[in-house]
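Visitor: starting from these lines, generate the structure:
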Amino acid sequence: MEGGSSCRRVALVTGANRGIGLEVCRQLASSGATVVLTARDEKRGATAVDALRELGLSDVVFCQLDVGEPSSAARLADFVMDTFGRLDILVNNAGVSGVRMDVGDPAALHQVRTSMSAAERLEWFNQRTAEPFEEAEECLRTNYHGTKNVTEALLPLLLSSSDARVVNVSSSYGLLRYFSGEELKHELDDIDNLSAERLDELSGLFLKDFKNGRLDHRGWPVGGFSAYKVSKALINAYTRILAKKHTSMRLNCLDPGYVKTDINFHTGVLTVEEGARGPVMLSLMPKEGPTGSYFNGTEQAAFM
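Guide: Reported below is the predicted structural model:
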């Protein structure tokens, strides 16, 4: 690899073969970082690396990663250890929507993209989504457990850095305002008494209540994208727990905004360049910057 990595920051981005993840890789590599681009599909990941190299960004390498498989995260950690010996920046971007969508006529998508407000677009999607249990299960496995698996596998390498950053791509859908249960809201906001083990338990409780049609029972989010909302709320809480435990690192989460990506059939209002600004800013922030915080784009915001 050209330039060596001893003086360059080493960054790793999950779910990076397209969309926001790929653009975060481009911007970090352009800023002088050595970038490990990861993706579940080996062919797509290698193609993405080739595309970045064609832009003159030679310090980008690919490593296959399925965030839902702990053994895959362990292999990734071995690769980073053997190649670089440390990790300075981790951007957990990989995620799924937790729903099945039927958008119907492609011509309708053009109308959505050109004539509806952001709120109207979200409502349009809500009306065309179904939430089978299998999708909800995959959503928690990928968005919450997958992010946690990858972070914990890479934690020793991050702690080997003198100035590490962890950026968890979340969503405004993960804010606690979407929970109707006051007890749940309080528990997820009570970081002094919350543990990662309890978050695992809450993930299981949600899936149990979801399967039994009892989301109202504990006050889980309803009204569409329930599993997605819970997965992101758990990631927000996990970010805060880790930040409290590892004070030498900067760990934050953010909503990149409603970005035009495959997950929403490119009906978002922001470009991927705009959507990547927040993750890149948090990846490169000064050492005295915030930690355990939530950002809406590039602005700090509340978890509620």
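Visitor: buried residues, the longest helix that the chain contains. List them.
Guide: Secondary structure assigned by DSSP state H gives helix 226-245 as the longest helix of the chain. Of the residues in helix 226-245, 226-243 count as buried by neighbour count, 16 or more other C-beta atoms under 10 Å. Using the backbone N, CA and C atoms, a C-beta is placed for each residue, glycine as well.
Visitor: which other helices and strands contact it?
Guide: Judged by 3 or more C-beta pairs under 8 Å, 6 or more residues apart in numbering; DSSP states H and E, helix 226-245 is in contact with helix 133-139, helix 147-159, strand 165-169, helix 182-189, helix 196-211, strand 250-255, strand 293-296.
Visitor: sheet partners, orientation included, of the third one?
Guide: Each strand paired with strand 165-169, and its direction, by DSSP bridges: strand 89-92 (parallel), strand 250-255 (parallel).
Visitor: most tightly packed of these?
Guide: Of the strands paired with strand 165-169, the one with the most neighbours on average (mean count of other C-beta atoms under 10 Å) is strand 89-92, at a mean of 28.
Visitor: what is the mean pLDDT for it?
Guide: Averaged across strand 89-92, pLDDT comes to 98.
Visitor: pLDDT weak spots in the stretch 201-304 of the chain?
Guide: Scanning the stretch 201-304 of the chain with the threshold set as pLDDT under 70 gives 265-266.
Visitor: thinking again about what came up before, nearest to residue 279, of the helices and strands packed on helix 226-245?
Guide: With C-beta to C-beta, the closest approach to residue 279 among these belongs to strand 165-169: 5.0 Å.
Visitor: hmm, back to that, now the longest helix of the chain and helix 182-189, what's the angle there?
Guide: 40 degrees (axes from the mean of the first three to the mean of the last three C-alpha atoms, to 10 degrees).
Visitor: for residue 258, see how far away the nearest residue to residue 152 once chain neighbours are set aside is.
Guide: Spatially, and ignoring its direct neighbours in sequence, residue 152 is nearest to residue 73 (7.8 Å; C-beta to C-beta, 6 or more residues apart in numbering). Distance from residue 73 to residue 258, counting by C-beta to C-beta, to the nearest Å: 29 Å.
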